[in-house]
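>>> sequence? don't have it. structure:
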């Protein structure tokens with residue numbers, strides 16, 4: 001399956017270096033890292049839940065499409 005993953009430049013560079021050093025592909029490095037992460041036990045409950053403040057009438061800002069992940073990241077990263 002193909003998917004798009006956004007990584008910080010430094011993480012991507014280090015993952016590519018690891019792939020070359022270990023004689024595998026970037027996909028292989030990401031797969032192994034994700035498998036190791038998913039194998040760790042999950043904490044049953046968050047001991048300190050967070051209450052987020054709510055203000056205004058809700059809704060999104062003009063021009064924001066919640067179904068377009070890429071454009072949301074662009075807005076959050078200040079690229080629009």
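Nice, I can see it. Everything numeric here is computed off the predicted structure, so don't read it as measured data.

>>> low pLDDT regions in this protein?
In the predicted model of the chain, residues 44, 46, 80 satisfy pLDDT under 70.

>>> tell me how many other residues crowd residue 29.
19 (other C-beta atoms under 10 Å). Any C-beta I mention is one placed from the backbone N, CA and C, and that applies to glycine too.

>>> just the helices in this protein please.
In chain order, the chain shows helices spanning 9-22, 26-39, 69-76, with DSSP state H as the criterion.

>>> what's next to the shortest one, contact-wise?
Contacts made with helix 69-76 from outside it, assessed by C-beta atoms under 8 Å, 6 or more residues apart in numbering, are listed as 4, 6, 64-66, 80.

>>> quick one: which of these is nearest residue 18?
Of all the contacts of helix 69-76, residue 6 has the smallest distance to residue 18: 18.6 Å, by C-beta to C-beta.

>>> ok, back up a step: neighbour-wise, which of the contacts of helix 69-76 leads?
Counting neighbours by other C-beta under 10 Å, the top entry in those is residue 64, with 12 neighbours.

>>> need the helices of the chain in JSON lines (columns: distance to residue 50).
Compiled in JSON lines, the helices of the chain are given as follows (distance: least, C-beta to C-beta, whole Å):
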{"stretch": "helix 9-22", "distance to residue 50": "26"}
{"stretch": "helix 26-39", "distance to residue 50": "23"}
{"stretch": "helix 69-76", "distance to residue 50": "19"}
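
>>> out of those helices, the one nearest residue 52 is which?
Set against residue 52 and scored by C-beta to C-beta, the helices of the chain come closest in helix 69-76, at 16.7 Å.
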